[in-house]
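Student: 3D model of this:
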Amino acid sequence: MTLNKSDQYTILVVDDEPDVVIYLTTFLEDHGYKCISASDGAEGIEKARSAKPDLICMDVSMPEKSGVKMYRELKEDPATAGIPVIIITGVSQDFEKFISIRKHVPPPTGYIAKPIDQNELLLTVKSALKTD
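Tutor: Now for the predicted structure:
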């Protein structure tokens with residue numbers, strides 16, 4: 001059995017909706033990625049720091065610590081600042097504009113609106129990880 005190039009990559013999925021976490025992790029694992037998950041921003045920060053994933057796919061509207069706060073913390077911490085982040089959210093495209101113009105943090109690597117287009121998600125993940 002040959003190993004896919006994607007087998008080398010770990011993706012942290014952060015969403016407070018269990019169905020979305022299951023959907024995303026199953027989809028990504030079916031495409032050869034290893035996934036870990038968190039159910040809110042506080043847990044997401046902890047797992048990002050401890051597991052050092054290659055990519056983070058995260059929601060914006062979450063309890064405990066919102067996705068906006070989590071994203072800002074990730075980008076302000078030297079230990080996690082280099083991890084690419086794809087925002088996956090049902091929040092309107094106004095959010096994409098808002099987060100992209102923040103001066104103190106760089107814009108996310110990618111932005112996917114819910115409902116999720118699987119082809120768009122896979123292309124965005126591959127682009128973020130710089131794989132074929």
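
Student: what about the strands in this protein?
Tutor: Assigned by DSSP state E, the chain shows strands spanning 10-14, 34-38, 55-58, 85-89, 110-113.

Student: residues in contact with the first one?
Tutor: The one in question is strand 10-14. Outside strand 10-14, the residues that touch it by C-beta atoms under 8 Å, 6 or more residues apart in numbering are 21, 24-25, 28, 33-41, 43-44, 47-48, 51, 53-59, 62, 67, 70, 125. Where you see a C-beta, it was placed from the backbone N, CA and C, and this is true even at glycine.

Student: pairing partners for it, with directions?
Tutor: strand 34-38 (parallel), strand 55-58 (parallel) (DSSP bridges).

Student: save those strands as CSV, and put in distance to residue 13 and mean pLDDT too.
Tutor: Below are these laid out as CSV (distance: least, C-beta to C-beta, whole Å; pLDDT from 0 to 100):
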stretch, distance to residue 13, mean pLDDT
strand 34-38, 5, 98
strand 55-58, 5, 97
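
Student: any idea which of those is most buried?
Tutor: Counting by mean count of other C-beta atoms under 10 Å, strand 55-58 has the highest mean neighbour count of those, with a mean of 25.

Student: related to what we said a few turns ago, Serialize the strands paired with strand 10-14 to a markdown table and add fields for distance to residue 9.
Tutor: Output for these, formatted as a markdown table (distance: least, C-beta to C-beta, whole Å):
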| stretch | distance to residue 9 |
| --- | --- |
| strand 34-38 | 7 |
| strand 55-58 | 7 |
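
Student: out of the ones you listed, which is closest to residue 108?
Tutor: strand 55-58 (8.8 Å; C-beta to C-beta).

Student: where does pLDDT dip in the protein?
Tutor: Within the chain, the segments meeting pLDDT under 70 span 1-7, 91-104, 132.
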